[in-house]
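In: Make a model of this:
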Amino acid sequence: MKQKMMGTKILEGAQLMIDELGLPFTPQDWVQMSRDRMTEVFVTAKLMPGVDKLIRHLHQHNVPIAVATSSTKYSFDRKATHHQEFFSLFHHIVCAGDDPDVKRGKPSPDAFLVAASRFDGEPPIPSNCLVFEDATLGVQAAKSAGMHAVLVPDKRLDTTSIDDIVDQVIPSIEQFVLQEWGLPPYDGVLRT
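Out: Presented below is the predicted three-dimensional model:
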């Protein structure tokens, strides 16, 4: 169920859950019921190993970086509660769950195309964009947008459905090799 829902817009995910489990309520009811529980869980969210180092390095080297999450702004803000300074390193954040410019959830490319369009100046060419994803629907969305995709999957997810399209699968961001993607290598000194 988690695999089917990861990356969808919130009401789409709720409808999947309701349909799959035959639940007797509307997607709006499910969202409201789950919001309280999400608040408790999300404020304890931690960054994946290696993410802090990678993002600080890219920011330090002026590599344009953004977040394109399927979360709503409300959910994202809960997850980012203890990471405000970290998320300030990103040029911008697209919360596709309720961003009016994102018409369709993943696997549609909308979230990534909107994120690319919000950089200052000329938007980057999609083939020059690299997306880190933890969900198969996100990889499909990145590839539909014409972007490269690196999957860092939850160990419980079956990722075989995207083996033929994903550019790279790594067990942890700590295994990401910057130079393989034309990015500046770690120099041993991170300035915060």
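In: contacts and neighbour counts: CA atoms only from here.
Out: OK.
In: Can you read off the pLDDT for the spatially most central residue of the chain?
Out: Residue closest to the average C-alpha location in the chain (C-alpha atoms, centre = their mean): residue 69, at 4.1 Å. According to the prediction, residue 69 has pLDDT 95.
In: That one contacts residue 111, correct?
Out: Yes: the pair residue 69 and residue 111 qualifies as a contact (C-alpha atoms under 8 Å) at a distance of 7.5 Å.
In: overlap in contacts of those two?
Out: 94, 96 (C-alpha atoms under 8 Å, 6 or more residues apart in numbering).
In: Which stretches in the chain count as strands?
Out: For the chain, the strands defined by DSSP state E cover 66-69, 92-95, 130-133, 148-151, 168-169.
In: Reformat these as CSV; add distance to residue 140.
Out: Shown next, in CSV, are those (distance: least, C-alpha to C-alpha, whole Å):
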stretch, distance to residue 140
strand 66-69, 14
strand 92-95, 18
strand 130-133, 10
strand 148-151, 9
strand 168-169, 13
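In: among those, which is nearest residue 27?
Out: strand 92-95 (18.9 Å; C-alpha to C-alpha).
In: which outside residues touch the closest one?
Out: 65-73, 76, 111, 114-115, 118-119.
In: Just the buried ones out of those residues, please.
Out: 65-73, 76, 111, 114-115, 118 (16 or more other C-alpha atoms under 10 Å).
In: Of those residues, which pair is most distant in space?
Out: Among those, 65 and 72 lie farthest apart (C-alpha to C-alpha), at 19.4 Å.
In: where does this structure have low pLDDT?
Out: 1-9, 36-37, 39, 41, 188-192 (pLDDT under 70).
In: Do a quick rundown of the helices in it.
Out: 2-5, 10-21, 27-42, 51-60, 73-79, 84-87, 110-117, 136-144 (DSSP state H).
In: Please report the distance of the residue nearest to the centre of the chain from residue 29.
Out: Separation of residue 69 from residue 29 (C-alpha to C-alpha, to the nearest Å) stands at 22 Å.
In: any idea how far residue 95 is from residue 76?
Out: 7 Å.
In: what do you get for residue 59?
Out: From residue 59 over to residue 76 (counting by C-alpha to C-alpha), the distance is 21 Å.
In: ditto for residue 147
Out: Taking C-alpha to C-alpha, one finds residue 147 at 23 Å from residue 76.
In: same question, residue 185
Out: Taking C-alpha to C-alpha, one finds residue 185 at 30 Å from residue 76.
In: Go ahead and confirm residue 150 touches residue 136.
Out: No: at 10.5 Å, residue 150 does not count as touching residue 136 under the criterion of C-alpha under 8 Å.
In: which of those two has more neighbours?
Out: Using other C-alpha atoms under 10 Å, the more surrounded residue of residue 150 and residue 136 is residue 136, with 26 against 19.
In: thinking the more buried one is in contact with residue 162, fair?
Out: Yes: Residue 136 is within contact range of residue 162, at 6.6 Å (criterion: C-alpha under 8 Å).
In: which residue sits closest to the most far-flung residue of the chain relative to its centre in space, ignoring its chain neighbours?
Out: Here the chain reaches farthest from its C-alpha mean at residue 24, the gap being 30.3 Å by C-alpha atoms, centre = their mean. Once flanking residues are discounted, residue 24 sits nearest to residue 18: 7.4 Å by C-alpha to C-alpha, 6 or more residues apart in numbering.
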